[in-house]
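My questions are about this predicted structure, shown below with the sequence.
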Amino acid sequence: MASRTLSSSSSSSSSSAAKGKLSSLFAHPLRNSPQSSKLPQELAVSVSPPPPKSTLSADAEDRPRPALLLEKKWKTGDFTVDEALRHFDRMISIRPVPPTSSFGVLLGALTKKKHYSAVISLRGKLEVTGLLSDYFVLKLLLNCFCNERRVEDAFAVLGAIFRRGHCPGIVTYNQLVKGLCLKHKIGEGVALFKKMARLGCRPTVVTYGTLISGLCQTGNTTMALKLHEEMLSSNGDHSVVCRPNIVCYGALIDGLCKDGLLDEASKLFMEMKDSGISPNLVVYNSLICGLCCMGQYKKATDLLNEMVDQRIEPDIITFNSLLKVLCEQGKFKEAEDMLKLMIERGVDPSIVTYNTVMDGLCLAGKVDEARELLAHVLSKGCLVTAVSFNVLINGYCNQGRMEEAMNMYKKMIDNGVNPTKVTFSTLMLGFFHKGRVVDARELFSEMKRHEVEPDSYTFNILLDGLCKNNLLSDALDLFHSKDCNGKANVATFNCLIDGLCKTGNLKAAWDLFHRLQQDGLAPSVVTYSIMINGLCRQGQLEEATELFLKMEDSGCAPNVVTFNTLMHAFCQNHEALKVIELLKKMAGKNILPDATTASIVFDLLSKDKNYHEYLTLLPAFPS
């Protein structure tokens, strides 16, 4: 039973006991069962070719035949797109042309199979024949535009519906709300939802579910919760009570979990069960993933046992979430047991599973074990990704083992896996930390040979590495080159300003500080702290204080590092009262002191004979 298996694995054990065992659990390669991209074989259609147009009869017996065939053949959904297109072309060649309703059956069948673009293209052909789209076809077209994220076109169709005297129903409005949400136009979706009340159209659970899902997917969980409360209380614009379904609860629980609001998610989970709605796999996975992200492994396994008791089989997402938290916490014995349970329940490890375990091993410093696991994966013929190699490259770089990291990079290329920005950035960072500037710069050049475009992060690694290895002039040359055009961000300026300040070139640092703002970027707290530190090191305390005040006026709040920088300078200059003034300002802003702050205060008190007086002036910080 799953609960017995999990409880037996919860006891703590040393990570070394699991050494060499993890790879043996991956005895089963990834199942090679890709879904066929081919549609079913074309159906044989018992229709004789039409006679020439000049002799084609127009009597009633001939005219309904296409419609009858559509009723019998296409409503089952067992057809290919090509087959449907050929039938459409045949229908428009018949004279007289069959009524729009006959075409509507075909278009409806295509819409049901989600061939939205085909329906949109056929509508143009239909109008060429002189047939106007009827209400049914217009509704189909609106649905297709919404699913294709062409909401402007969908609203144009809505206008056509109104002009022809039709009154759209709730299904049409639901489709428009869905289209707006798919396009991430959530504000417009909410506006349409409110407008529905004035149009006398009452929302259904589908309307609420669509809007709640859209809000949660775009991070607007608070607004989604208000809609949920409105459903239950009828206090909203529509004054209607609507019982939430699994879609509403699932979206809300997932959104709350992603926001880290696990207590609120758990309350909704209980509310859902109390209302008689049974959680499904998606809901359980959302909660388990949320708990694992917060490191709450015990609660996550309790949910796993609950879902198994409810006869809901965990899937690869469930197990990968649990494995991730176990590996992050270094609980490799428990991870081994979880892998056993996973395989016993017929869930084959995926490449994400392998990557998760390898990443956990690397975080625990067991890079060689991770390499053995990768070798096992490759020997099984599994399709590895760049992430698989990047994890190991990062592990070796963190240990300063750059030769092994480069060997893994070469192995990556030998296996036909293209290196990514992460690959190059990780290796460059590792080489700079070892002082191997030439190797780092060579990798930067190699990026272009692999057609990998450097981004801001890559450039910042290169610039920062050059600055920290006393190659400030090279860093500035690169910064002013065309290669860096459009790549500079605040972090770019920060590393260069820091390098200039540390070499005492305050004028050039000021120039960059002002250029940052001219380029439309706002200095961050790090930027201000670097400049204040540079001024303090040059003994320009008045200018440093002036910049500190300007920083606050510009809306950039100082942090503990900013305060410590200025207080340290005043302490060195024997200006105790200014240090105390800054401490009081810190307390007023609820900025907690750190070890550096304590060291500054201790230094202040130990140097001045008036320390008893200063003790009474020190502010109290919240505990």
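Perfect, thanks for sending it.

Going by C-alpha atoms from here, please, whenever you check contacts or count neighbours.
Fine.

okay, now the domains of the chain?
What automatic domain parsing lists as the domains of the chain is 63-168, 169-277.

what's the closest of the ones you listed to Arg345?
Across the domains of the chain, Arg345 has its closest neighbour in domain 169-277 (24.9 Å, Cα to Cα).

Quick one: end-to-end distance for that closest one.
28 Å (Cα to Cα, to the nearest Å).

could you give me the average pLDDT of that domain?
If you average the pLDDT over domain 169-277, you get 90.

same check, this time on stretch 381-401
95.

Please save the CA atoms from it in PDB.
C-alpha atoms of stretch 381-401 as PDB (Å, rounded to 0.1, in the frame of the first residue of the first chain):
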ATOM      1  CA  GLY A 381      19.100   5.500 -25.300                       C
ATOM      2  CA  CYS A 382      16.900   8.100 -23.500                       C
ATOM      3  CA  LEU A 383      16.500  11.500 -25.100                       C
ATOM      4  CA  VAL A 384      18.500  13.900 -23.000                       C
ATOM      5  CA  THR A 385      18.200  17.700 -23.000                       C
ATOM      6  CA  ALA A 386      20.600  20.600 -22.600                       C
ATOM      7  CA  VAL A 387      19.300  20.800 -19.000                       C
ATOM      8  CA  SER A 388      20.800  17.300 -18.300                       C
ATOM      9  CA  PHE A 389      24.300  18.500 -19.200                       C
ATOM     10  CA  ASN A 390      23.900  22.000 -17.800                       C
ATOM     11  CA  VAL A 391      23.100  20.600 -14.400                       C
ATOM     12  CA  LEU A 392      26.400  18.700 -14.300                       C
ATOM     13  CA  ILE A 393      28.400  21.500 -15.900                       C
ATOM     14  CA  ASN A 394      27.100  23.800 -13.100                       C
ATOM     15  CA  GLY A 395      28.000  21.200 -10.500                       C
ATOM     16  CA  TYR A 396      31.600  20.900 -11.700                       C
ATOM     17  CA  CYS A 397      31.900  24.700 -12.000                       C
ATOM     18  CA  ASN A 398      30.700  25.200  -8.400                       C
ATOM     19  CA  GLN A 399      33.500  22.800  -7.300                       C
ATOM     20  CA  GLY A 400      36.100  24.600  -9.400                       C
ATOM     21  CA  ARG A 401      36.600  21.500 -11.500                       C
END
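
What are the contacting residues of that stretch?
By Cα atoms under 8 Å, 6 or more residues apart in numbering, the residues outside stretch 381-401 that reach it are 29-30, 351, 354-355, 358-359, 362-363, 365, 367, 370-371, 374, 377-378, 402, 404-406, 408-409, 412, 417-420, 422-423, 426-427, 430, 434.

so which helix or strand takes in Pro314?
Assigned by DSSP states H and E, Pro314 falls within no helix or strand.

count of residues packed around it?
Using other Cα atoms under 10 Å, Pro314 has 20 neighbouring residues.

go on, Asn470?
Neighbour number of Asn470 under other Cα under 10 Å is 12.

which SSE is the residue lying closest to Ile120 once chain neighbours are set aside in?
For Ile120, ignoring the flanking residues on the chain, the nearest one in space by Cα to Cα, 6 or more residues apart in numbering is Leu141 at 6.5 Å. Element membership for Leu141 (DSSP H and E) is helix 135-147.

Tell me where this protein is predicted with low confidence.
Confidence mapping of the chain against pLDDT under 70 gives the ranges 1-78, 235-239, 608-612, 623.

The residue nearest to Ile120 reaches Val119, doesn't it?
Yes - under the criterion of Cα atoms under 8 Å, Leu141 makes contact with Val119 at 7.1 Å.

who's in contact with Cys556?
By Cα under 8 Å, 6+ apart, the contact set of Cys556 is Ser524, Val525.

Mind doing that once more with 10 Å?
By Cα atoms under 10 Å, 6 or more residues apart in numbering, the contact set of Cys556 is Ala522, Pro523, Ser524, Val525, Tyr528, Phe548, Lys550.

List only buried entries from these.
Neighbour-count burial (16 or more other Cα atoms under 10 Å) is assigned, among the contacts of Cys556, to Pro523, Ser524, Val525, Tyr528, Phe548.

Highest mean neighbour count out of the domains of the chain?
domain 169-277 (a mean of 19; mean count of other Cα atoms under 10 Å).

Return the distance of that one from the chain's centre.
Distance, stretch centre to chain centre, for domain 169-277: 21 Å (Cα atoms, centre = their mean, to the nearest Å).

ditto for stretch 164-171
Distance of stretch 164-171 from its chain centroid, counting by Cα atoms, centre = their mean, is 37 Å.

Need the distance between the two termini of that stretch.
18 Å.

Show me the contact partners of that stretch.
Contacts to stretch 164-171, defined as Cα under 10 Å, 6+ apart, come from residues 134-135, 139, 143, 158-162, 176-177, 196, 199-204, 206-207.

now stretch 574-585
Outside stretch 574-585, the residues within contact range by Cα under 10 Å, 6+ apart are 563-564, 566-571, 586, 588-593, 597, 600-601, 604-605, 607-608, 610-611, 614-615, 617-621.

ok, back up a step: got any residues that touch both of Leu141 and Val119?
Common neighbours of Leu141 and Val119 (Cα under 10 Å, 6+ apart) are Leu107, Gly108, Thr111.

Buried residues in stretch 318-329, which are they?
Applying 16+ other Cα under 10 Å to stretch 318-329 flags Thr318, Phe319, Asn320, Ser321, Leu322, Leu323, Lys324, Val325, Leu326, Cys327, Glu328 as buried.

for that stretch, the distance to its chain's centre please.
Stretch 318-329 sits 19 Å away from the centroid of its parent chain (Cα atoms, centre = their mean).

in the stretch 51-200 of the chain, which spans are helices?
Using DSSP state H, counting those that start in this stretch, the helices of the stretch 51-200 of the chain run over 65-69, 81-93, 100-112, 116-128, 135-147, 151-163, 170-182, 186-198.

by how many degrees do the second one and helix 116-128 diverge?
I take that to be helix 81-93. Counting by axes from the mean of the first three to the mean of the last three Cα atoms, to 10 degrees, helix 81-93 lies at 10 degrees to helix 116-128.

can you state the direction angle for helix 81-93 and helix 100-112?
170 degrees.

Kindly list the main-chain dihedrals of Cys556?
Main-chain dihedrals, Cys556, degrees, to the nearest 10: phi -100, psi 110.

re the thing from before, packing partners of the helix holding Leu141?
Contact partners of helix 135-147 among helices and strands, from 3 or more Cα pairs under 10 Å, 6 or more residues apart in numbering; DSSP states H and E: helix 100-112, helix 116-128, helix 151-163, helix 170-182.

could you dump those helices to JSON lines with distance to Leu85?
Output for the helices and strands packed on helix 135-147, formatted as JSON lines (distance: least, Cα to Cα, whole Å):
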{"stretch": "helix 100-112", "distance to Leu85": "9"}
{"stretch": "helix 116-128", "distance to Leu85": "8"}
{"stretch": "helix 151-163", "distance to Leu85": "23"}
{"stretch": "helix 170-182", "distance to Leu85": "25"}
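
Take the buried residues of stretch 318-329 and keep only those in strands.
Using DSSP state E, no member of the buried residues of stretch 318-329 falls in strands.

out of the residues you listed, what pair is the most spread apart?
In the buried residues of stretch 318-329, the most distant members under the criterion Cα to Cα are Thr318 and Glu328, with 16.0 Å between them.

give me the number of residues near Gly520?
With other Cα under 10 Å as criterion, Gly520 counts 9.

in what helix or strand does it lie?
Secondary structure from DSSP H and E places Gly520 outside every helix and strand.

check contacts around it.
Neighbour list for Gly520: Asn489 [criterion: Cα under 10 Å, 6+ apart].

This completes my enquiry, with thanks.
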